Structures are given as structure tokens and as C-alpha cells.
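> Turn this into a structure:
(6 chains)
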There are 4 protein chains.
Amino acid sequence: MTTRRQSTPNSSRRSDASRRAILTAAFDLVGEVGYAKLSIEGIAARAGVGKQTIYRWWPSKGAVLFDAFLALSEGEEGEAALPDTGDLEADLKTVMRATVVELSDPRYDEPMRALTTEIAHDPGLAAVYRERLDEPMREIKKRRLAIAQRAGQLAGDLDLDLAVDVLWGPLLNRWLQRTGPLTPEYADNLVKTALNGLRPRG
Amino acid sequence: MTTRRQSTPNSSRRSDASRRAILTAAFDLVGEVGYAKLSIEGIAARAGVGKQTIYRWWPSKGAVLFDAFLALSEGEEGEAALPDTGDLEADLKTVMRATVVELSDPRYDEPMRALTTEIAHDPGLAAVYRERLDEPMREIKKRRLAIAQRAGQLAGDLDLDLAVDVLWGPLLNRWLQRTGPLTPEYADNLVKTALNGLRPRG
Amino acid sequence: MTTRRQSTPNSSRRSDASRRAILTAAFDLVGEVGYAKLSIEGIAARAGVGKQTIYRWWPSKGAVLFDAFLALSEGEEGEAALPDTGDLEADLKTVMRATVVELSDPRYDEPMRALTTEIAHDPGLAAVYRERLDEPMREIKKRRLAIAQRAGQLAGDLDLDLAVDVLWGPLLNRWLQRTGPLTPEYADNLVKTALNGLRPRG
Amino acid sequence: MTTRRQSTPNSSRRSDASRRAILTAAFDLVGEVGYAKLSIEGIAARAGVGKQTIYRWWPSKGAVLFDAFLALSEGEEGEAALPDTGDLEADLKTVMRATVVELSDPRYDEPMRALTTEIAHDPGLAAVYRERLDEPMREIKKRRLAIAQRAGQLAGDLDLDLAVDVLWGPLLNRWLQRTGPLTPEYADNLVKTALNGLRPRG
DNA sequence: GTATAATCGAGACGGTACGTCGGGTCTTGAA
DNA sequence: TTCAAGACCCGACGTACCGTCTCGATTATAC
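Numbers count the residues shown, from 1 in each chain, chains lettered A, B, ... in the order given. From the prediction side, this is the model:
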């Protein structure tokens, strides 16, 4: 039997109850009052914790929030995979529609914006984000695309990282900047257009 | 046709010197200290202006910053157009490379991140942004794409708004989240891939 | 027929309506919100007058308030005299009781405290106060005392200025510092004690 | 009998260094710039203390100043007594002349005016003032008068509180309102007149 | 009987201070 | 040693007024 995997290196003295209370409080609060009004004091008060306990273990407000997200996605990792029915376009549409639903859920919208913009301003956080969240997710996506590529459904010389960008980038950008509404139809059109390209086909 | 005098409708009593000083100070400061450390107090001090003069005319820090951007892009509007050599792919690569250069310029990087994330958190600001900056720019892009479409270089049923998303979304997303480096090569590959699609061609 | 006596030297152009509105507003406001919260802006707003109109004619908040008091006591001056029934002690008690009543009237209490403390901090104002309000009142009091002195009811070598101090000083001090309640009995005892002295008689 | 350690009941966590620095700064500043220009911000800066530390422990600017006075008079209390040579008039003149000197000292004049006028406007402060400063001082004075009264030097039915008023009220009033100069002669005359009364003596 | 110049209401302006919030550090006493 | 609690110094918030400064729009003489 292996020891419990630990996402944050802990001193043996560290109170796990406090840690959990802080992450929960942070996630809840950012959804309630928004990122701008989120404060360490507020998190500490809500979590029933001294401010020092937060400062002792996290370097910044963004780091707490980030850990709160990590805690959420913990356990999903490793096993997750994109659906594979053999029909790439259909599978991607399914996934993209699910992403649309998730981004539209007010319960996740605010916290996710908070995390995203925090990352945009903090290169250090961005690096951790890439390593701990973005890369694993990207790997999952690339896995499905690689299967399709091997089956000749994607261009043989296609850079799969770029492919992920072309598929998800437009959606995330539209979400973040509210350039337009996020609908299942948009998800479908996006997948179709990205796959076929803007040029006319034969 | 009469010339436009005033880009922002002003009370007749408003001091234009103060307005300009504030916008300049805001833009400069956000580049120097970053958005997180940008303060109304700092802007006022740098601009040699009372705080009240800022609060009198702008509802928020983000709104000041936004106006600073507007002031920058003023005058360019209306005449601007994407290059048109007849070769769509080459033209788009030229534009996309220019965008890469601009986004890499530290003089614009911080302020643009600040504006972008501010918009992400403030729907009101987002609406103004769409109307005053995003839509005009998007129109310019769509104009070039429409020409190509009429020339049969783009799919006849292509939604040009979506096309703009597919072309620029990936780049902006990579920039904001620092998912990877912004290089001219990336710009080229992006354009090529978006035009041809992920699927194999002929 | 003589021309109207003018308490403040006026330019012929000065608007008397504004002047009156300002003094009224100042007096009313100091009674409503207290001296600490009395502001030039408030007075101007209440009087329906531009701030500059106040600054043009008065050097300070205290000066406005002072003029408001002058305006009140205008017209009384000159004719007023202390009662003279022949019985000095009775007459002084009457006057002192009236003073007690006036000082207890909430309509005058706050403004009078304001004026008094303003004078305490502003020697310039104090000088004007002495000349325009204190001296005239003191003269009236001394007139009555002089009559009594000539009638042998007061010590022949008595300094009447000091006598006024001894009679009214204790009352004003008790009022201002709230050292004790202001009652008619206190007024009576004060008069009696001041007249007879602290030493035993006879 | 145990020694008293703490004059003001303190939370156990309160920093006594800060408390003292604040009181000293307040007293010094009021003497330097006057009460009108005394600001919490200024006190905090001078004391090297955060503003919040002042707001945490005092409700108002006046309360700080008041405590500064209390701190000054601490330690003197209890032992102090008026001189008693057997000659009441001489003793009172001595005391009254000392008061004149103190009130004329510019080092005490401004702060004392500030305190007095603050008390005049704040009944709450006035109550504390009576209890902590006025009553103890008054008691000391009455003690001396009581001795004289028992010796037959003062009227048997004399109200000693009123006697204190009659002796000190005129002086304080003249000082505060600057009705006239404060001289040793005035002190002497005041004592003599108050003792003998305004009426002629046998 | 009109010019014309001082005065008016209004309110923007550069400032100072307000009283509050939260940042991040430090200390205390209990577990 | 860590924890909850919270005082501390500090910086910024957004507001209230300060006293100065334009702005037209009245007025009420002096032309």
C-alpha cells in the first residue's frame, strides 16, 4: 500500500483541518464576493483560522485560490480521458459542449475567471498552473487527437499542441472577454470549422 | 462633413489638461508597477491632480485604464485596414506576426493584460470594450476576410466572426495564460493550420 | 433722517439678500449640526449661494458665525439697560436668572458655545468680539453698578470691571464647562455671595 | 497597600509604548500648530504609529488630547494641597498668581484652550473631565476653604462649591475670552474683592 | 438707455484629512 | 511548533471640505 499522495509538501505538524477549511472558504468566497473583494482576512475569518496560518503556508492570495482549484480537481487526474467513439468530430463536440456548460455555470464562472486573471498577472503562478493543471489536461486532449491522427483523421504533420490551441483557444477567449454568448451551437461550429479549416474543401 | 472635436462627451467645464494627464499617468504607471500595484492615489499624484478629479469622471480604476487605451487608439480608427496583396495567407501571417511583436513589447504587455483581466471581471466594462475597441477591430479583420471569401479563397458558408475567433483566439489565449512562447513561427503555423484545418487535405 | 447704520462695510454692489441668507443659514446650521460639522459648503448650499460669495466677504467660518450673532443683537443695542428698581440685589438676580434661561435655551446654547470657543481660539475674532459685543454689554452692566455705587450700595473703591467679572464669570464658566446645573437658585446664590463676599459679615 | 500600576484600564495586548507616544505627540502638536490644525493623521505620523492604533483606543481627537492631559497630571494627585499659612487671603493670592502664570505660559495656553473648548462641545468628555480632573482639583480647593471656614474666616453658611466658582470663575473666563490681560494684580484684586464682596464693609 | 464691470450661482480644480479596510508582521497563550 | 486571536505599522480606499479658480447670467451704476 502506497502512502497518500500529497499535492502540497507538508510539515508533519500542519493542521489538515485548517488547510481544508481555508481552501473551501477561499473557493466559496470568490464565488460570493468576486475576486476583487476576496481578502485574506475574509478567508481567515470564514475558515475560523488565524491570518498567520494562511501566510505561513501560501505566498499569495492567488496561490490559495490556485490550491483550492487543485483540491477540486484532485482524484480526477490520471484516469480521465476524452470520449472515443471513433467519430472525432462528434467526440470533440461533446467535450466542447461540456466545456461550454461548465463555463456557463455561475458556480464556476467567477472562481475560474479569478484564477485565470491571477495567472495572467503572476508568471510564477502561471508556471505552476501549466505544470499542475494545464499540461495534464492538455495531455488528455492530445491523447485523443493522437489516436485520430494515427487513424488518418488528422493531418499527419499536424502539431497537436497547436491543434489543442486552435480548438480550445477561441472558446476560452470568447468566454473570458465576453465577446459573444457561449452556446452549444457555437461549440459545434467551432469544432467543425477548426477541423475543416477556413478554406473551401474540395 | 464636419470634423469630430471630442471623442468623449464632456461637461463643458471639464479640464482637458487634467483628463489627459490622468490617462497618460495611468498608462505609464501600469507599465511601471503593474496593475496590482496601480492605485488611484498613485495616478492622481503622478498626474498632479486631486483624487476627486478622477473619481468625478471615472467609476473605477479599470475605467481609467480603459480610457487610456481608447485615447491611444484614437485617430487610427476608420482608416485602418489589413494588408491586401491578394495572398490571404501571407497577409494574415504579416498581421499575426505584428500582433506577436506588439504583445511581446513590455511597454504594451502589462497594460494590455491589465485591461484584459479588468474586462474579464467587469461586464459593464466588457460591453464598452466590445463596442469601442473590439467591434471596430473585428470589423477591419472581417473586411479582409470578406474579400478573400468573395474571391473563393475562403469557404462560401464560413461565418466570418467565427473565422476571426479561430485565427486570433488561440494567439490571445496563449499570450494571456503564457501557455507557450509567442514567436513568429507560432504565428505562421497558426495561420496555416487555421486556414487548412486540422484534417488532412486532399 | 439718518442713513441706515451698517454693521459691515459694504460695497454698493453687494447683494443684501445673499448676505442675509448666509447669516441665517449659518446660525440655523450651527444649531442643527453643531459647530464641528458646520461647513462653508453647507452654509452656501443652505443659503442657495455660491461658495465664493462667502469667501468674498468673510475671512473665516468663525467670522460668518460672529456676524450672524451681530445681526441678531442689532437693533437692541444702545437703548438696552439693566432694570433699576432701587434694589440692586433683586435687579441683579432678575438679570442673572434671565441669563440662565437664555443659556439653557437649546436654540441659543449650541451657537453660543460655537461662538465662545471660536473666540477662544482666534485672537482677531476675540478683539472684534470685545469691541462689538462684550464692551457694549459690559457698559450696560457697569452703568447699573455705577448707579448703585453712587448710592453707596457698592464699595466706593470698587473696580466695576472686576465687579462684572465676579458677577458673571462664575456663571459663564459653569455654563461652558458644564461644571454643574444652571438653575435660578444658582443665579440667586451667586448674586448674593458676590455682593456679600465670602467672609462673614457683621 | 499596593501601588497602582496602570491609570487607564488596558487590554492586556495593548502597546504601552504606542499609547505614550501618541499622548506625547498629541500634546506637543497641539502646542505647535494649535488645536484647529491638529489632526489624527499628524499625531499618528509624529508618534510613528498607524492611524488605526489611535482609532482603536480613542473615540475622538478630543479624547486623545484629554488623555494627554490626564497623563500629565498623573502622580500629582492625592498629595497636592493648597498652601496654608493661616492667612487665607495671602494663600489664595499665591495660588491665583500661580494660576495666572500657568495660563500665561504659551506651552500650556494652547493645549488648555483646546481641552476647554473640546469639553465645551462634548458632554461626554465633559463628564469624564469633571470626574477625573475638575472634581479632584475642586476638592483640594474646598479643603483649604473648609479650614478657613472652621476658623471663622469664611461665612458659616457659605456653599464652598459656589465659593470656588466665585474665586476661579472670573479668572478662567477672562483667560478664555481674552476679555482683559492676566496679571498678578488682577489675581490679587480678584481674591480681595471675592472675599470682601462688592458691597461696602462696615 | 445702453454698455460695462462687479457680483452672483454654480461647480471643477489641487489639496488635506477623514475614518475604514486590508496587507503582511509580530506577539501571546492554549493545545 | 503550530494554532486562533488580534494588535501593530502601513498604504490605499472613497468621501467631505478647504480655498481658489473659471464660467455664463444677472444687475445696477456711469456713460
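
> Chain A: helices as residue ranges?
A:16-33, A:40-47, A:51-57, A:61-73, A:88-104, A:106-121, A:123-129, A:135-150, A:160-177, A:184-196 (DSSP state H).

> wait, which of those helices is closest to chain D?
Closest of the helices of chain A to chain D is helix A:40-47, at 13.3 Å (criterion: C-beta to the nearest C-beta). Using the backbone N, CA and C atoms, a C-beta is placed for each residue, glycine as well.

> got the angle between the closest one and helix A:16-33?
If you take axes from the mean of the first three to the mean of the last three C-alpha atoms, to 10 degrees, helix A:40-47 sits at 120 degrees to helix A:16-33.

> Is helix A:40-47 in proximity to DNA strand E?
Yes - using C-beta under 7 Å from any atom of the strand, we find that helix A:40-47 touches DNA strand E at A:40-42.

> Out of these, which is nearest to chain C?
Closest to chain C, out of all of those and judged by C-beta to the nearest C-beta, is A:E41, at 31.7 Å.

> Let me know the distance separating A:E131 from DNA strand F.
Counting by C-beta to the nearest atom of the strand, to the nearest Å, the gap between A:E131 and DNA strand F amounts to 25 Å.

> dump the residue contacts of A:L172.
By C-beta atoms under 8 Å, 6 or more residues apart in numbering or on different chains, the contact list for A:L172 reads B:169, B:173.

> Report pLDDT for it.
The score at A:L172 is 98. That number is its pLDDT.

> Could you check how far it is from A:A163?
The spacing between A:L172 and A:A163, counted by C-beta to C-beta, to the nearest Å, is 15 Å.

> Buried only: go through the residues of helix A:40-47 next to DNA strand E for me.
A:40, A:42 (16 or more other C-beta atoms under 10 Å in any protein chain shown).

> Adding pLDDT, write the residues of helix A:40-47 next to DNA strand E out as CSV.
Shown next, in CSV, are the residues of helix A:40-47 next to DNA strand E (pLDDT from 0 to 100):
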residue, pLDDT
A:I40, 96
A:E41, 95
A:G42, 95
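
> of all the residues of helix A:40-47 next to DNA strand E, which comes closest to D:L70?
A:E41 (33.8 Å; C-beta to C-beta).

> you'd agree A:N189 is up against B:L158?
No - counting by C-beta atoms under 8 Å, A:N189 does not reach B:L158; the two are 10.0 Å apart.

> any common contacting residues for the two?
Residues within reach of A:N189 and of B:L158 at once, by C-beta under 8 Å, 6+ apart: there are none.

> Need the phi and psi values for A:P181.
Per-residue torsions, A:P181: phi -70, psi 150 (degrees, to the nearest 10).

> Which residues are in contact with it?
With C-beta under 8 Å, 6+ apart, A:P181 has no contacts at all.

> So A:A71 sits against A:L23, correct?
Yes - between A:A71 and A:L23 there is a contact under C-beta under 8 Å: 5.0 Å.

> who's more crowded, the two?
A:L23 (22 against 17; other C-beta atoms under 10 Å in any protein chain shown).

> Look up how far C:T53 lies from the nearest residue to that one once chain neighbours are set aside.
Leaving aside its chain neighbours, A:L23 sits nearest to A:A68 (4.3 Å; criterion: C-beta to C-beta, 6 or more residues apart in numbering or on different chains). Using C-beta to C-beta, we find A:A68 at a distance of 59 Å from C:T53.

> what about those two, which has more around it?
Taking neighbours as other C-beta under 10 Å, A:A68 and C:T53 compare with A:A68 leading, 22 against 17.

> Roughly how far does the more buried one sit from DNA strand E?
15 Å.

> Now do the contacts for that residue.
The contact partners of A:A68, by C-beta under 8 Å, 6+ apart, come to A:23-24, A:26-27, A:30, A:111.

> And for the residue of chain A found nearest chain C, the neighbour number?
Of all residues in chain A, A:K37 sits closest to chain C, at 31.0 Å by C-beta to the nearest C-beta. Per other C-beta under 10 Å, the neighbour tally for A:K37 reads 10.

> isn't A:A81 right up against A:I140?
Yes - here A:A81 reaches A:I140: they are 6.0 Å apart, a contact under C-beta under 8 Å.

> what about these two, which has more around it?
Set A:A81 next to A:I140 and count neighbours by other C-beta under 10 Å: A:I140 wins out with 17 against 10.

> ok, how many other residues are close to A:D105?
A:D105 sits with 10 neighbouring residues when counted by other C-beta under 10 Å.

> What's the separation between it and A:P181?
Where A:P181 is concerned, A:D105 sits at a distance of 15 Å (C-beta to C-beta).

> Ok, A:I40 next?
Taking C-beta to C-beta, one finds A:I40 at 35 Å from A:P181.

> Could you do A:P136 as well?
Distance from A:P136 to A:P181, by C-beta to C-beta: 29 Å.

> In space, what's closest to the residue of chain A found nearest chain B - neighbours in sequence excluded?
Residue of chain A nearest chain B, by C-beta to the nearest C-beta: A:G197 (2.6 Å). In this structure, A:G197 finds its nearest non-sequential neighbour in B:G197, 2.6 Å apart by C-beta to C-beta, 6+ apart.

> Is it possible to get TSV of the residues of helix A:40-47 next to DNA strand E that adds distance to B:R97?
Putting the residues of helix A:40-47 next to DNA strand E into TSV (distance: C-beta to C-beta, whole Å) gives the following:
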residue	distance to B:R97
A:I40	42
A:E41	46
A:G42	45
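
> Go through the residues of helix A:40-47 next to DNA strand E and name the one nearest D:W57.
Distances from D:W57 to the residues of helix A:40-47 next to DNA strand E, taken as C-beta to C-beta, are shortest for A:E41 (20.4 Å).

> hang on, isn't that closest one packed against A:G50?
No - A:E41 is beyond contact range of A:G50, at 10.7 Å (criterion: C-beta under 8 Å).

> Might you list the low-confidence residue ranges for chain A?
A:1-12, A:75-79 (pLDDT under 70).

> Within range of DNA strand E, give me the residues from it.
Residues of chain A found near DNA strand E (C-beta under 7 Å from any atom of the strand) are A:37, A:39-42, A:51-52, A:55, A:60-61.

> now for those, which pair is the farthest apart?
So, these by C-beta to C-beta: farthest apart are A:K37 and A:Q52, at 21.9 Å.

> tell me the domain ranges of chain A?
Domain ranges of chain A: A:16-65, A:88-196, per automatic domain parsing.
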